[in-house]
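Participant: Give me coordinates for this.
(one chain, ligands or ions: 2)
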Amino acid sequence: MILLGIETSCDETGVAVIRDGTVLIDLVSSQIDFHSAYGGVVPEFASRIQLEVIGSLTQQACTDTGIPLTALDGIAVTRGPGLIGSVLVGLNFAKGLAYALDKPLIGVDHVQAHLFSPFIEFDRLSFPYIGLIVSGGHTELYTVKSFTDVVLNGKTIDDAAGEAYDKIAGALGLGYPGGPLIDRIARGDKDAAAAYAGQGEKPYDAVKFPMAMMRKGNYNFSFSGLKTAVSRYMKEHGSPMTQRRLSSIASGFQNAVTGVLVRKTIALARERRIKRIAVSGGVAANAQLREMFMAYRNEFDIYIPSVRLCTDNGSMVGFLGYQLMKLGIKSDISIDAYANNTRIPQRARTSAG
Ligand code: KG4
Ligand code: ZN
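Facilitator: Numbers count the residues shown, from 1 in each chain. Ligands and ions are numbered 1, 2, ... in the order given. Below is the predicted model:
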């Protein structure tokens, strides 16, 4: 079974071809260089650029794999949550293809595509597992029982983890996207810190910032208090911003974010007595987060995909589309896009709409 996977929920345009669950090609057209000039994603530009590139990217995927559109068995596409204009570009493109080629359309939830993406790289992964999704738009903790049965155990009540990274990076003058830069600086990359702050070579101590909602059994997240604490600290101690100070703030912030993500995930896995933990989403590219989870590998099987699969891509959409199609699930051509995930109930049946 050969599927096309299309992902346009935020600022990336992803197109992949999947055969029987295996990725044949995965193309991502990034807009980071464009949006970094504005300090963040400009939604109107994002969808316009996606509209320009999605056709040629699909054509390239077909040419490079030697698989013509007519050979496809279905078209999987992200239908939400995301920036609505961006989601619509991918969804309408996919609908057009499905209609013209007379092939099934499979609308896929973006967060669930992240949730199941570790299967693409890890044959050993099996149900049930605890799934942590950490990205620019989402911070959610799930018990994953099957491709059609996931239980949401907790989510952020304000900012997503990646959003907090991007906002703090903006406040520190590091630019967009902030996650990778804070990651490098927090881990002591002096070259990265020197590019943004004055000299000050003494060793630094990470600032101790608070972790929120740490009560036992609470699997929700909150990052707005941390954001306020970092801003207050910067106002009081941030001038002049020496390299040492920048490093101590960045690592203190990163310790607080990664600490809360790891502790809650491990606590949920222990409470549920589930031995497998999978982590995905852009923030799962974070080196410290990956190391902290791997430190638990004696107690749990830890599955964190390669960085390229953690950030937005068409493969994860095609892969979940394939799993749904195998179960006989497909979408009506009239399905709507959705911007946020408030529509997903506490216990969600994965549904192609
Ligand atoms: O999954 P993704 O590509 O897009 C969304 O669905 O949001 O995630 C993007 C987010 C951004 O907020 C970015 O700053 C963050 O992932 N990110 C990181 C790292 N690499 C990307 N955050 C922390 N450390 C990183 N190394
Ligand atoms: Zn994402």
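Participant: residue contacts, the residue in the stretch 201-350 of the chain that ligand 1 sits nearest to?
Facilitator: Across the stretch 201-350 of the chain, no residue is closer to ligand 1 than G282, which sits at 2.0 Å (Cβ to the nearest ligand atom). All C-beta spots, glycine's among them, are computed from the backbone N, C-alpha and C. Contact analysis of G282 by Cβ atoms under 8 Å, 6 or more residues apart in numbering lists V134, S135, G136, G162, P177, G179, C310, T311, D312.
Participant: In JSON lines, list the residues you listed along with secondary structure and distance to ligand 2.
Facilitator: Converted to JSON lines, those look like this (DSSP: H, G, I helix; E, B strand; the rest coil; distance: Cβ to the ion, whole Å):
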{"residue": "V134", "secondary structure": "strand", "distance to ligand 2": "10"}
{"residue": "S135", "secondary structure": "coil", "distance to ligand 2": "4"}
{"residue": "G136", "secondary structure": "coil", "distance to ligand 2": "7"}
{"residue": "G162", "secondary structure": "helix", "distance to ligand 2": "9"}
{"residue": "P177", "secondary structure": "coil", "distance to ligand 2": "12"}
{"residue": "G179", "secondary structure": "helix", "distance to ligand 2": "12"}
{"residue": "C310", "secondary structure": "helix", "distance to ligand 2": "9"}
{"residue": "T311", "secondary structure": "coil", "distance to ligand 2": "7"}
{"residue": "D312", "secondary structure": "coil", "distance to ligand 2": "4"}
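Participant: quick one: which of those residues has the most company?
Facilitator: V134 (30 neighbours; other Cβ atoms under 10 Å).
Participant: How many residues are close by the residue of the stretch 151-300 of the chain found nearest ligand 2?
Facilitator: Scanning the stretch 151-300 of the chain for proximity to ligand 2 using Cβ to the ion identifies G281 as nearest, at 5.7 Å. Using other Cβ under 10 Å, G281 is surrounded by 27 other residues.
Participant: check contacts around the closest residue to it other than its chain neighbours.
Facilitator: In space, and not counting its chain neighbours, G281 is closest to S135: 3.4 Å by Cβ to Cβ, 6 or more residues apart in numbering. S135 makes contact with H114, A160, A161, G162, G281, G282, V283, T311, D312, according to Cβ under 8 Å, 6+ apart.
Participant: So of those, which two are at opposite extremes in space?
Facilitator: Distance extremes for those: the farthest pair is A161 and D312 at 15.1 Å, using Cβ to Cβ.
Participant: Surely A337 is within a strand?
Facilitator: No: read with DSSP: H, G, I helix; E, B strand; the rest coil, A337 is coil and lies in no strand.
Participant: Name all residues that make contact with the residue nearest to it when sequence neighbours are not counted.
Facilitator: Using Cβ to Cβ, 6+ apart and skipping residues adjacent in sequence, the residue nearest A337 is V87, 4.3 Å away. Counting by Cβ under 8 Å, 6+ apart, V87 makes contact with T8, S9, T78, R79, G80, P81, A337, Y338, A339.
Participant: need the strands for the chain, in chain order.
Facilitator: Assigned by DSSP state E, the chain shows strands spanning 2-7, 13-19, 22-29, 74-80, 105-109, 129-134, 139-146, 149-155, 276-280, 301-303, 347-348.
Participant: Same list (the ones you listed) but as a markdown table, adding mean pLDDT.
Facilitator: A markdown table is the format used below for those (pLDDT from 0 to 100):
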| stretch | mean pLDDT |
| --- | --- |
| strand 2-7 | 98 |
| strand 13-19 | 98 |
| strand 22-29 | 97 |
| strand 74-80 | 97 |
| strand 105-109 | 97 |
| strand 129-134 | 98 |
| strand 139-146 | 98 |
| strand 149-155 | 96 |
| strand 276-280 | 98 |
| strand 301-303 | 98 |
| strand 347-348 | 41 |
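Participant: Can I get those strands in CSV including distance to T265?
Facilitator: Output for those, formatted as CSV (distance: least, Cβ to Cβ, whole Å):
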stretch, distance to T265
strand 2-7, 25
strand 13-19, 26
strand 22-29, 26
strand 74-80, 25
strand 105-109, 21
strand 129-134, 5
strand 139-146, 6
strand 149-155, 10
strand 276-280, 6
strand 301-303, 10
strand 347-348, 19
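Participant: What is the burial count for V262?
Facilitator: With neighbours defined by other Cβ under 10 Å, the count for V262 comes to 20.
Participant: I'd assumed E291 was in contact with it.
Facilitator: No: at 9.8 Å, V262 does not count as touching E291 under the criterion of Cβ atoms under 8 Å.
Participant: What parts of the protein come near ligand 1?
Facilitator: 10, 135-137, 162, 165-166, 177-180, 183, 281-283, 285-286, 311-312 (Cβ under 6 Å from any ligand atom).
Participant: please redo it, this time with the cut-off set to 8 Å
Facilitator: Residues of the chain lying close to ligand 1 by Cβ under 8 Å from any ligand atom are 9-12, 82, 110, 114, 134-138, 160-163, 165-166, 169, 176-180, 182-184, 254, 257, 281-283, 285-287, 289, 307, 310-312.
Participant: Can you select the buried ones among the residues you listed for me in PyMOL?
Facilitator: Buried residues within these, by 16 or more other Cβ atoms under 10 Å, are selected in PyMOL with:
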select buried, resi 9+10+11+12+82+110+114+134+135+136+137+138+160+161+162+163+165+166+169+176+177+178+179+180+182+183+184+254+257+281+282+283+285+286+289+310+311+312
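Participant: now the angle between strand 129-134 and the lengthiest helix in the chain, please.
Facilitator: Using DSSP state H to define each element, the chain has its longest helix at helix 243-272. Orientation check (axes from the mean of the first three to the mean of the last three Cα atoms, to 10 degrees): helix 243-272 against strand 129-134 gives 150 degrees.
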